[in-house]
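Asker: here is a sequence together with a model predicted from it:
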Protein chains: 2
Amino acid sequence: MHVLSGKSRADEAYSRLKSDIRENRMPPGYLEPEPELATRLGMSRTPVHEALIRLQAEGMVELVPRRGARVLPISAEDMREIYGILKALEPEAAARLAAQNPDERALAPLDAANDAMTAALEDGDLDAWAAADDRFHQTLLRLHGNRRLAQFVSSLFDQSHRARMVTLRLREPPIISTAEHRVILEFLRRGDVDGTRDAFRRHRERTSSELIAILENYRLPQL
Amino acid sequence: MHVLSGKSRADEAYSRLKSDIRENRMPPGYLEPEPELATRLGMSRTPVHEALIRLQAEGMVELVPRRGARVLPISAEDMREIYGILKALEPEAAARLAAQNPDERALAPLDAANDAMTAALEDGDLDAWAAADDRFHQTLLRLHGNRRLAQFVSSLFDQSHRARMVTLRLREPPIISTAEHRVILEFLRRGDVDGTRDAFRRHRERTSSELIAILENYRLPQL
DNA sequence: GGCAAAATTAATGTATACATTAAAGTATTT
DNA sequence: AAATACTTTAATGTATACATTAATTTTGCC
């Protein structure tokens, strides 16, 4: 009855449901009862139930009594919350990474992610762009070395993923971000703490207000 | 088989285990298998297992294969992580609260918490002091209105609670904190954004380095 | 007595069973 | 036909059962 690999059924259910939600295969507001989820995932209710508890704790899903699991929509207000936190955390994390004077080898994956963003833009592949952008931000946090911080921000990225993907398609191609990332990388290379913090803060201020402006201009209260 | 109130057995198990860990009734490193926990809490393994999943997600507990649930110790490094995040988040949150120009009624619970801290110090009741200090910080975050931020910080407080309680007893009475809180309150009242941020930052820098210094001087790598 | 192999114990992950109860559907009455 | 009472359905939370497997103990052998 056991799974051969290190992944339990509950883990399996968790990743599949999370990716279904991220990729909009289970759209916001979508409600599905546990027994149905269980048959769909080819397992019993138990591991599904455990996965749902985790997803609920991470704010991806709401467990509605007697109805099932509901995919939580993201509102403009939610995005304000999330970006408010990112604006406080990411610049500080970047600044502290700068203070550690990271060497070229450590920064290589950041360069790679940023190059991938440029390449994706040239191909007009917005999904690839977003994936590379995620990679840039998450890698930076991992380099900084605060696991709690990295995990929390990662969960905020998960929660906001859908909204970011929608707004990405409602605006001009995001050409500025790669340039801003390059500036951040330059400051990181120099070990310039305040420069890194300021550059990252500007980057997050801009992306944040751009995104929220789109949500409000297009009257997208729910995503 | 249902519980009359709105609290499920799983919720009950969660709160009881969490408080047992916080209050050191289940000390760091302590390992207990699920069946034992279940009998101790007077319920079956199922709700206990679900509670443990949540506690694991919050970093209070580690599920050791074939052994049970282990209460995670907090290291000096963990405290550095946690306070690194608090130093970034709390001053920003306080600054934004200042920007909202909170009225006297909103700030009253903060005054109350700070007064309770003073009273507790006069009584020499460090537990009451810590509880009131927690209340001050959590109330401020709740007033600020970012639920994700408040919940995350609350979980960081839970994780660090034991270590804070131990170090609290290894040093002079914390008389400075109430004074610093008063300064923060003064800036909040004036709606002074930068003043609030700076005051809170100084407060957190000081408490943070004090605490970590104690952990290192007393060679307390695990709590 | 010490060590290897076998047997036992015990814990987990998962499945299944079941009581409870909300919601939906049907029947009954006016 | 509308409103109400009754029945049925279905979902959850929890308990229990069970297969798998790691840890422990016992046994047998030198």
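Answerer: On my side now, so go ahead.

Asker: quick check: A:Ala128 vs A:Asp115, distance?
Answerer: To A:Asp115, A:Ala128 is 12 Å away according to Cβ to Cβ, to the nearest Å. Using the backbone N, CA and C atoms, a C-beta is placed for each residue, glycine as well.

Asker: neighbour count winner among those two?
Answerer: A:Ala128 (15 against 12; other Cβ atoms under 10 Å in any protein chain shown).

Asker: was I right to think the more buried one contacts A:Ala116?
Answerer: Yes: taking contacts as Cβ atoms under 8 Å, A:Ala128 lies within contact range of A:Ala116: 7.1 Å.

Asker: wait, is A:Ala69 part of a strand?
Answerer: Yes: assessed with DSSP: H, G, I helix; E, B strand; the rest coil, A:Ala69 lies in a strand.

Asker: make sure it is actually in contact with A:Glu34.
Answerer: Yes: counting by Cβ under 8 Å, A:Glu34 is a contact partner of A:Ala69 at 7.0 Å.

Asker: by contact count, what packs against the helix or strand where A:Ala179 lies?
Answerer: When elements are assigned from DSSP states H and E, A:Ala179 belongs to helix A:175-190. Counting contacts by 3 or more Cβ pairs under 8 Å, 6 or more residues apart in numbering or on different chains; DSSP states H and E, helix A:175-190 is packed against helix A:76-99, helix A:104-123, helix A:193-217.

Asker: of these, which stretch is the most buried?
Answerer: Using mean count of other Cβ atoms under 10 Å in any protein chain shown, the stretch among the helices and strands packed on helix A:175-190 with the greatest mean number of neighbours is helix A:76-99 (a mean of 21).

Asker: circling back to that earlier point, list the buried ones in the helix holding A:Ala179?
Answerer: A:Ser177, A:Thr178, A:Glu180, A:His181, A:Val183, A:Ile184, A:Leu185, A:Phe187, A:Leu188, A:Arg189 (16 or more other Cβ atoms under 10 Å in any protein chain shown).

Asker: and of these, the nearest to DNA strand D?
Answerer: Nearest to DNA strand D, judged by Cβ to the nearest atom of the strand, of the buried residues of helix A:175-190 is A:Ser177 at 40.3 Å.

Asker: so for chain A, the centremost residue is which one?
Answerer: In chain A, the residue lying closest to the centroid (Cα atoms, centre = their mean) is A:Phe157, at 2.1 Å.

Asker: three-state assignment of that one?
Answerer: helix.

Asker: near DNA strand D, which residues of chain A show up?
Answerer: Residues of chain A lying close to DNA strand D (Cβ under 7 Å from any atom of the strand) are A:1-2, A:4, A:33-36, A:45-46, A:49, A:63, A:65-69.

Asker: neighbour-wise, give me the winner out of those residues.
Answerer: Busiest of those [other Cβ under 10 Å] is A:Ala69, holding 26 neighbours.

Asker: and it, what is it in contact with?
Answerer: A:Leu31, A:Glu32, A:Pro33, A:Glu34, A:Leu37, A:Leu52, A:Leu55, A:Gln56, A:Val61, A:Glu62, A:Leu63 (Cβ atoms under 8 Å, 6 or more residues apart in numbering or on different chains).

Asker: understood, closing this out.
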